[in-house]
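Q: Kindly generate the corresponding structure for this input.
(2 chains)
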Amino acid sequence: MPAVLEVEGLSGGYSRRKEIIRDISFTVNRGELVGLVGLNGAGKSTTIKHILGLLEPTKGTIKVEGLTIKEDMTRYRSHIGYIPETPVLYEQLTLREHLEMTAMAYGLDRGVFEERLPGLLRRFDMENRLNAFPGHFSKGMKQKAMILSAFLVQPKLYVVDEPFVGLDPLAIQAFLELMTEMKQNGAAILMSTHILSTAEQYCDRFILLHEGRIAMQGSMEELRRASGRRYASLHELYVAVARGEKPW
Amino acid sequence: MVTVEQLWRARCGHFWKIAVRYLRLLANSGFMFSLYIFIVAGGVYYQRWVKGLSDAFPAEWLLTAAFSILIARTPIRTFIQPADLVFLLPLEREMTRYFKRAVLYSALVQSIAILFAWAIAMPLFLQTVDRRPAVYAVVLFLLFMVKAWNLDAAWREHYVTESLPYKGLRVAVTAAFIGFLLFKAPWWTLCLIFLIMVALSVFVYHPLSKKHLLKWEVLLENENRQLARFFRFANLITDVPALRNRVKPRRLLSMWTDVFPFGQASVFRLFYAKTFVRLGDYFGIWFRLTAVGAILILLLPDGWPQLVVAFMAVYLTAVQLLPMWRNGWEDGPALWFPTAPVLRLRGFLTVLSLILVAQSVILSAAVAVGRNGEAAGWALLICVGFSAAFTYGYAARKLGTAG
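A: Residues are numbered from 1 along each chain as shown, chains lettered A, B, ... in the order given. From the prediction side, this is the model:
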């Protein structure tokens, strides 16, 4: 079975003259949670925007379920649920309308929408906010709205960019639980984050980005073996990579 | 290094640069002309009204109420911005000189308002309260004094969260002073209230700023409210960008979107229908043009001028609704929706055509009220025809290529 997400030799950025990421290759398989780790400006969000098709690569290919975005844009995107780093919502739409719009755009039935909604709202304690406008939301609530939209769709691939900022501990817990459930149901998840302890605990594999290139990738075991530090934590490995000291 | 005085000058100058631009627009608009007419006509009627007043008319009460409100209402323009709550907070002590300027500036602006109001009150005052112009001048001087006291006290109120009791006290003392003044109470009662004011300043208001810290958020809120008031005023005559994306819930009105079935085809119909109802002034434009058009049609004699009015109303609405395509769209989840771009275009065109056809029907109905069935038929044909041509001909081609 092919990987859900296949990135092959990807280079790109906001302009052709200034590439931010270079020659990136990795895969995310069914039932796998992969952590994308790197400093500010390492190219995490740029990589993610390329996967979503919001930026065009200068080199390389990206396939979701064996399909590039050029071949079939709507099918490609219908497999992806995206939670952006900064929540973006429409000022003129209520939370319910955002969720409805998302459900419609991804081709969900009304029945499925109505069935999934109450449980999700309860988990994130947003039942009372359904008819409120984002103008009255805190940062955390806006983030929850983005999370709700992504999990409502139950896509094959979740692309999650730094999801923990602004969330309260209960919401973080609910989010991690949901990710685990979706993973068990066969979803593939790519998550960028700075919260390394959480990443180490929940991710199956890691991609360490440094200055636009992949410095290391693999499971915790593989990273330790490659670095020769048997008891190193993800935090220690990451700091070593980021400082440019690679004794291995 | 920028001093707080320079900062004040820069902020104040920046506001006035914008304000002058809007005021110039205002001066050049029809609004100013109607204001002149209103002032001239109002002045004549006012003079006549004052001459005919009986002695029983409670002019003192009226003036006391009006000037108490005018003088006790002391919003202080500080020109502070949200980021100041982070960057200027450590400078609270140095900012005293900045805020002193803010209070002085507000005193100047509000004194001008008092001067105008007092000039308007002149005929009434001389007719009913006192005939001597010298008294009229002295009272104005005393009003300025009370205003100054109000500003000083109001500024200190910004140091407490529960400022309501202090505001109440200030309003009561102010109203008492103005009342005693206009009802010509014995001079020593005025002196007494004056002493009370001094005592309050020394023992109540000034200690607030020593004991407490400045409530910056209240300051910011007040500043925003005043700025919004100015923009709303300017918005009467022109499109103010700062207000362009205001959202109004309009729960009942937005229910019309329920006509669209649940499904991918409806995503952008829903989006644009809600945007039309809630965002900025799109619905306001539609409503005003429909109402004005309908009223004109009812006033005009039966015939072709009615058709011209109906057509013009639909045409003007159509042109002004076109920017809805982009406005409110940037940076939202729809950027990564798995929907073909043409779906967004179709959704927009559907909503636009429905809005215009609804307007056409209403205006044609207005034509039909004059029992002019044939003209109403023509109006409907012209307006709906134009709506269809504008939407699916012009807009579709323009937006389809613009992306």
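
Q: When you work out contacts or count neighbours from here on, use the C-alpha atoms and nothing else.
A: Noted.

Q: what residue is smack in the middle of chain B?
A: Geometric centre of chain B, nearest residue: residue B:232, 2.9 Å, by Cα atoms, centre = their mean.

Q: how close does that one sit to residue B:276?
A: Per Cα to Cα, to the nearest Å, residue B:232 is found 20 Å from residue B:276.

Q: Let's see stretch A:135-154 as PDB, backbone CA atoms only.
A: Coordinates of each C-alpha in stretch A:135-154 appear next as PDB, following Å, rounded to 0.1, in the frame of the first residue of the first chain:
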ATOM      1  CA  GLY A 135     -14.800  38.500  16.600                       C
ATOM      2  CA  HIS A 136     -15.800  37.600  20.100                       C
ATOM      3  CA  PHE A 137     -13.400  34.500  20.300                       C
ATOM      4  CA  SER A 138     -10.200  34.300  22.200                       C
ATOM      5  CA  LYS A 139      -7.100  33.000  20.500                       C
ATOM      6  CA  GLY A 140      -7.700  29.600  21.900                       C
ATOM      7  CA  MET A 141     -11.300  29.500  20.800                       C
ATOM      8  CA  LYS A 142     -10.300  30.400  17.300                       C
ATOM      9  CA  GLN A 143      -7.800  27.600  17.300                       C
ATOM     10  CA  LYS A 144     -10.500  25.200  18.500                       C
ATOM     11  CA  ALA A 145     -12.700  26.300  15.600                       C
ATOM     12  CA  MET A 146     -10.000  25.300  13.200                       C
ATOM     13  CA  ILE A 147      -9.500  22.000  14.900                       C
ATOM     14  CA  LEU A 148     -13.200  21.300  14.900                       C
ATOM     15  CA  SER A 149     -13.400  21.900  11.100                       C
ATOM     16  CA  ALA A 150     -10.500  19.500  10.400                       C
ATOM     17  CA  PHE A 151     -11.800  16.700  12.600                       C
ATOM     18  CA  LEU A 152     -15.300  17.200  11.400                       C
ATOM     19  CA  VAL A 153     -14.200  16.200   7.900                       C
ATOM     20  CA  GLN A 154     -12.200  13.100   9.000                       C
END
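
Q: quick one: contacts of that stretch?
A: With contact meaning Cα atoms under 8 Å, 6 or more residues apart in numbering or on different chains, stretch A:135-154 is reached by A:81-84, A:86-89, A:91, A:95, A:98-99, A:102-103, A:106, A:108, A:113, A:116-117, A:120-121, A:124, A:126, A:134, A:158, A:163, A:165-168, A:171, A:175, A:182.

Q: Among those residues, which ones are in helices?
A: A:95, A:98-99, A:102-103, A:113, A:116-117, A:120-121, A:171, A:175, A:182 (DSSP state H).

Q: If we go by neighbour counts, what in the helix or strand hosting residue A:223 is buried?
A: Using DSSP states H and E, the element containing residue A:223 is helix A:220-227. When burial is assessed from 16 or more other Cα atoms under 10 Å in any protein chain shown, helix A:220-227 yields the following buried residues: A:220, A:223, A:224, A:227.

Q: Now do the next helix or strand after it against helix A:220-227, angle only.
A: For helix A:220-227, the following helix or strand on the C-terminal side (DSSP H and E) is helix A:234-242. Interaxial angle of helix A:234-242 relative to helix A:220-227 (axes from the mean of the first three to the mean of the last three Cα atoms, to 10 degrees): 40 degrees.
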